[in-house]
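Colleague: This is a predicted model, with the sequence first.
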Amino acid sequence: MIFILQRPTKPITIAPDYAALCDLVAERIAALVREKPGAVLGLATGSTPLGVYDRLVSAAQDNGLDFSGVTCFNLDEYFPMSADSPHSYHHFMQQNLFRRIRCRRWFVPDGAPRSEAEVAQSCLEYEAAIREVGGIDLQLLGIGRSGHIGFNEPGSPPDSRTRLVSLHQKTREDAAASFGGLSAVPAQAVSMGIGTILEAREILLMASGAGKAEIVRAAWTGESAESLPASWVRSHPNARLYLDTAAAQAFS
Ligand code: F6R
């Protein structure tokens, strides 16, 4: 059974398990694409949205959901990281979504190794590309154990834009297994800023599993603060938190 928790300042949708959570989030994205075929989506990587991407692929392949007018912008990329590396978020998105659906255009921040000045220039271009298509209609977010959204780690100001950032120790630890060890995880990344994220017209923040329960509760019930970047999402007029029961357990 799906239920809506009204007690915190903003309602939370709670699904019984990860599969139902992904059904709900994918249904919201599909509804937007049906309503606005030229929609601009902001997308996340990581394990949380994988089931959502599977459902969007099924909706496209089995039910004719048309992504050909849709433009997508991803939140972040490791730095330094070549797009064709199997560790890149570019590769992740290609494998899990974009080789399986045909969308108009898709962008991932460029983590190619080069000077900080060149990275700063490509960040400005990323922001400009988002503006050129009229801004993001719907931004999908996960949350890190550090409380990050995108790779906006604690200390990120609410008006931050796409930029080079340093990764939190917890974030690097969480990525260590997929890189074959902590020392192989990049210390930096290029991330959309919190200000960039908050300009999206709608935000879906999703979390699954008991490991996210405490950080999600803190983000959705305390004061918004730079020490907990996901807490800024609550200040957005059209943001919704989607959890499975394990991730929601700290609310009860
Ligand atoms: C990745 C991103 C991150 C992840 C977060 C949760 O593009 O934006 O903020 O959403 O690290 O990762 P998972 O889903 O692997 O727990």
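Modeller: Okay, I see it.

Colleague: okay, CA-based contacts and neighbour counts for the rest of this
Modeller: OK.

Colleague: and residue 118, how many neighbours does it have?
Modeller: By other CA atoms under 10 Å, 12 other residues sit near residue 118.

Colleague: Flag every buried residue along the helix or strand where it lies.
Modeller: For residue 118, the host element (DSSP states H and E) is helix 116-132. For helix 116-132, the buried set under the neighbour-count rule, 16 or more other CA atoms under 10 Å, comprises 119, 122-123, 126-127, 130.

Colleague: Turn the residues you listed into CSV, columns for distance to the ligand and pLDDT.
Modeller: Shown next, in CSV, are the buried residues of helix 116-132 (distance: CA to the nearest ligand atom, whole Å; pLDDT from 0 to 100):
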residue, distance to the ligand, pLDDT
119, 18, 98
122, 18, 98
123, 16, 98
126, 15, 98
127, 16, 98
130, 17, 98
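
Colleague: Would you reformat those as TSV and include distance to residue 72?
Modeller: Rendered in TSV, the data for these read as follows (distance: CA to CA, whole Å):
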residue	distance to residue 72
119	20
122	17
123	16
126	12
127	13
130	9
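
Colleague: could you show me where the helices are in the stretch 151-252 of the chain, in order?
Modeller: Listed from the start of the chain, the stretch 151-252 of the chain has helices (DSSP state H, counting those that start in this stretch) covering 169-179, 194-198, 213-221, 245-248.

Colleague: can you list the residues that contact the third one?
Modeller: In other words, helix 213-221. 8-10, 143, 145-147, 207, 228-232, 234, 246-251 (CA atoms under 8 Å, 6 or more residues apart in numbering).

Colleague: filter those by proximity to the ligand?
Modeller: Here is what survives when the contacts of helix 213-221 are matched to the ligand using CA under 6 Å from any ligand atom: residue 143.

Colleague: Just the buried ones from the contacts of helix 213-221, in PyMOL syntax?
Modeller: Buried subset of the contacts of helix 213-221, written as a PyMOL selection, criterion 16+ other CA under 10 Å:
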select buried, resi 10+143+145+146+147+207+228+229+230+231+232+234+246+247+248+249+251
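
Colleague: quick one: secondary structure of residue 51?
Modeller: Remark: residue 51 carries the secondary structure label helix [criterion: DSSP: H, G, I helix; E, B strand; the rest coil].

Colleague: give the contact list for it.
Modeller: With CA under 8 Å, 6+ apart as the criterion, the residues that contact residue 51 are 19, 22.

Colleague: From what I see, residue 56 and residue 26 are in contact.
Modeller: Yes. Applying CA atoms under 8 Å, one finds residue 56 in contact with residue 26, separated by 6.2 Å.
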